[in-house]
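>>> quick one: sequence and predicted model below, then my questions.
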Amino acid sequence: MDLNFNKNEDHNKLQLSSLRHRLAKVKLGGGQKSIDKQHEKGKMTARERINYLLDPKAKSIEIAAFAGEDMYEEHGGCPSGGVVIKMGYVKGVQCLVVANDATVKAGAWFPITAKKNLRAQEIAIENRLPIIYLVDSAGVFLPLQDEIFPDKEHFGRIFRNNAIMSSMGITQISAVMGSCVAGGAYLPIMSDEALIVDKTGSIFLAGSYLVKAAIGETIDNETLGGATTHCEISGVTDYKAKDDKDALDTIKNIIDKIGDYDKAGFNRAKAIKPKENPEDIYGIIPRSRSDQYDMYEVIKRLVDDSEFDEYKAGYGKTIITAYARIDGWAVGIVANQRQLVKTKSGEMQFGGVIYNDSADKATRFIANCNQKKIPLVFLQDVTGFMVGSKSEHSGIIKDGAKMVNAVSNSVVPKFTIVIGNSYGAGNYAMCGKAYDPRLIVAWPSAELAVMSGNSAAKVLLQIETASLKKKGETITKEKEDELFKKIKDRYDAQVSPYYAAARIWTDAIIDPLDTRTWISMGIEAANHSPIEKKFNMGILQV
């Protein structure tokens, strides 16, 4: 290995160490004191509940662990959005589990909490996956009620989705393991089956204090909406559990009897580990995003036996299109090539840029994968489409539109891995969040923005200095440098993968070595949902 490889490896492993440190902090939720209080009440934490429910030693992935990071600081923060979501296996059945974290503001719903819950339901609907809700929440966080209550993508959408999933035959099971109040009370009751834990679980539209204020009735919460009330009097819940573990064991027994599902029929062979060492990825990905690297070498470390069949290898070289297998699943890979490449005419093309020919190739390949029912994997490291008179006169907008159209209308499941840059329209064409990837994750080396921090700072600096000059202010070189640094620092914070993950623009930031697991579990989930639509690109200028 050369010195540059070793320097890259050191840099990327430091980033990975930072990722693990930040994840460890997130997993503490509201902190150790809050965890201790949960235990004193005889309750498990959200993560303990999920770990007990999921099959031991089976693989699992966590969705949106960084949701809410560095947001709502004026309200004390909202680690992981106050809710934990994992995709895993219960009695061998692939499921989604959604658990309110009562150590974070008593499980209250912030705006990002609603967004995260809706993302979980979206994944369940797209893949027809059983979903389990572990409810322990004080309801809407009232200081931010105007950002969570009435709009289409707000709190009420969750109950609408409950109804839609029920009509689709998607299994929903709820366990009320703590508070379940006001509008939130509808979620477990709109599920197929509902459990409640005796003495710690409660369900009511209004608690005892509000009942007293509203109608003058004096009643305690347990009599108003505890386990005995709802299992023996109202009939609202179906099972009474003596404690958390009893409730989770009951869920396991219910899931264990679910029948098999109709399959989409994606091709899978025996999984083979990559022949090339996946850990080499740390040395391949450059520490500077302006440096080149060979995406072929990354692909070799992600696919089975390090083998792939390239489509149109000699054409449109800034995008690689290839058929391969990942953990046995057949996939079509669309990847940005970050090396300078030479065309047959001898012209050099910049790596990470989408040209006319590469957009055309990708469009054709995406259509082929749809025809063959092969899931698509996008490996993003893209700065955007080529600009300038030559590209414009060649119709780059038209060719780019074709690619965006193909991605938009694709009916096979899509999975997106943001490896490096994800800038501008390149993010769209390479299946960014707006284009419905079943899962979208970033490596610690990723950046998501309209353009790089350096480019954006230069543009914004020009606007800022022009504005100051109009006001008659003199701009010295020192002042200009100070302004540039201030603008760039602010913009760099926004292009960070953590900024994106906090807002659920991606589902996770992952160790590159976990990429195969995410794609494999994602395709397995997608296999629950047979493809019912035909691929059709509609009217398109050709």
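Arrived safely, thanks for sending. This one's a predicted model, so the numbers in the text were calculated from it and none came from an experiment.
>>> quick check: beta-bridge partners of Val334?
Thr321, Phe378 (DSSP bridges).
>>> how close does it sit to Ala429?
Relative to Ala429, Val334 is positioned 9 Å away (CB to CB, to the nearest Å). Just so you know, the C-beta spots here come from the backbone N, C-alpha and C atoms, and that holds for glycine as well.
>>> check what pLDDT the most far-flung residue of the chain relative to its centre gets.
In the chain, the residue that sits farthest from the middle, by CA atoms, centre = their mean, is Gly472; the gap is 47.7 Å. On pLDDT, Gly472 comes in at 79.
>>> which residues touch it?
The contact partners of Gly472, by CB atoms under 8 Å, 6 or more residues apart in numbering, come to none.
>>> mind telling me what element it is part of?
Assigned by DSSP states H and E, Gly472 belongs to no helix or strand.
>>> who touches both of Val334 and Ala429?
Overlap of the contact sets of Val334 and Ala429 (by CB under 8 Å, 6+ apart) consists of Ala362.
>>> now the phi/psi pair for the residue farthest from the centre of the chain, please.
phi 90, psi 10 (degrees, to the nearest 10).
>>> Ile326: neighbour count?
Counted with other CB atoms under 10 Å, the neighbours of Ile326 add up to 24.
>>> ok, now which ones touch it?
Contact partners of Ile326, counting by CB under 8 Å, 6+ apart, are Leu302, Val303, Asp304, Val377, Arg516, Ile519, Ser520, Ile523.
>>> and for Ile354?
Counted by CB under 8 Å, 6+ apart, Ile354 has contacts Thr318, Ile319, Asn336, Ala362, Val382, Gly384, Phe385, Met386, Gly400, Met403, Gly426, Ala429.
>>> how many neighbouring residues does Ile463 have?
10.
>>> confirm it sits in a helix?
Yes - remark: Ile463 belongs to a helix, assigned using DSSP: H, G, I helix; E, B strand; the rest coil.
>>> ok so, going back, neighbour-wise, which of Val334 and Ala429 wins?
It is Ala429, of Val334 and Ala429, that has more neighbours when counted by other CB under 10 Å, with 32 against 29.
>>> contacting residues around that one?
Ala429 is in contact with Ile354, Ala359, Ala362, Val382, Phe385, Gly400, Met403, Val404, Val407, counting by CB under 8 Å, 6+ apart.
>>> which of those sits closest to Gly259?
When the contacts of Ala429 are compared for distance to Gly259 (CB to CB), Val407 wins out at 34.6 Å.
>>> check which helix or strand covers that closest one.
Element membership of Val407, judged by DSSP H and E, is helix 396-409.
>>> which element follows the helix or strand hosting Arg490 toward the C-terminus?
Per DSSP H and E, Arg490 falls inside helix 477-495. Using DSSP H and E, the helix or strand that follows helix 477-495 in sequence is helix 497-502.
>>> any idea of the mean pLDDT in that following helix?
96.
>>> what is it packed up against?
Counting contacts by 3 or more CB pairs under 8 Å, 6 or more residues apart in numbering; DSSP states H and E, helix 497-502 is packed against strand 439-442, strand 447-449, strand 508-509.
>>> make CSV from these and add distance to Lys25 and mean neighbour count to it.
Converted to CSV, the helices and strands packed on helix 497-502 look like this (distance: least, CB to CB, whole Å; neighbours: other CB atoms under 10 Å):
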stretch, distance to Lys25, mean neighbour count
strand 439-442, 18, 25
strand 447-449, 22, 22
strand 508-509, 13, 23
